[in-house]
Structures are given as structure tokens and as C-alpha cells.
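# no FASTA, just this:
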């Protein structure tokens, strides 16, 4: 599967937009690192580091795109590996998978840290030009 919106998220957004079906957007977004494509359920290729970190999107979307406005940082990661993807959830544990994406591959070392910089998580929808 290519990265992107979880099918349930995409369907809920489209139903809200096109059918006036109420959608309750997530109150918070939580990011988890992966060592490969997270897949349709957001659970494939999980990194050894299981802690999800909260992402903040504090600036309004523009041009069909929105990005995180605060860096997302893990300290003291659980294992040495290469993070290539992230999954985004509506809760710090359990919860619902919302979407996934790629990050610039970054080798991390056990007990080291990993940071997704401001603007490193960008969610984009195609817009007419």
C-alpha cells in the first residue's frame, strides 16, 4: 500500500464533505515511527520504539496543505534502526489509525534521539490549479 489516509479516515472526510454526514475530527494527533510502509492498518513495519508523540498543527491550512508547527522528538529510543515512515493516530495508545507518510530516512542509535522538524509532517490534498 502507498502511504496516505487510512480508508476509514478518507471515507469519513468525503462523507462529511459530500453527504453532510457528521464527522468528529480527532482532538489530538499522535505520531509513531516505522522502519517501512505502515500499511493500510498503520501497524506494519513498526519501529522498536513504540512511544507515540503528539504532533501540533498550529497554523491554518493553505493551498491544500498543512504542516506540524512544533518539532516532534523522541529521546532515548529503544533500538538502533532506520526510521523511514510514520503513522498518525488519534490517541497516545490504541486509538484509530488516521494516516501515514514518509520521512527522510534517518538512522537512529539505541538510547539516542530522533526529531521530526517543524514542517516535517505535511498533510496535503490535491487542489485545483
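In hand now; what should we look at? Quick caveat: nothing in here was measured; it's all calculated off a predicted structure.
# rest of the way, CA atoms for contacts and neighbours
Noted.
# which residue is nearest the centroid of this structure?
residue 88 (3.1 Å; C-alpha atoms, centre = their mean).
# the closest residue to residue 28 other than its chain neighbours and residue 103, how far apart?
Distances taken as C-alpha to C-alpha, 6 or more residues apart in numbering place residue 90 nearest to residue 28, at 5.7 Å, with adjacent residues excluded. Distance, residue 90 to residue 103, using C-alpha to C-alpha, to the nearest Å: 19 Å.
# on that earlier part again, ok, the residue nearest to residue 28 - how many residues close by?
Neighbourhood size, residue 90 [other C-alpha atoms under 10 Å]: 19.
# ok, now residue 60?
Residue 60: 8 surrounding residues under other C-alpha under 10 Å.
# one step back: phi, psi of the residue nearest to the centre of the chain?
The phi and psi values for residue 88, taken as degrees, to the nearest 10, are phi -120, psi 130.
# can you tell me which residues contact it?
Neighbouring residues of residue 88 by C-alpha atoms under 8 Å, 6 or more residues apart in numbering: 29-32, 42, 97-100.
# let's go with 6 Å and repeat that
Residues in contact with residue 88 (C-alpha atoms under 6 Å, 6 or more residues apart in numbering) are 30-31, 98-100.
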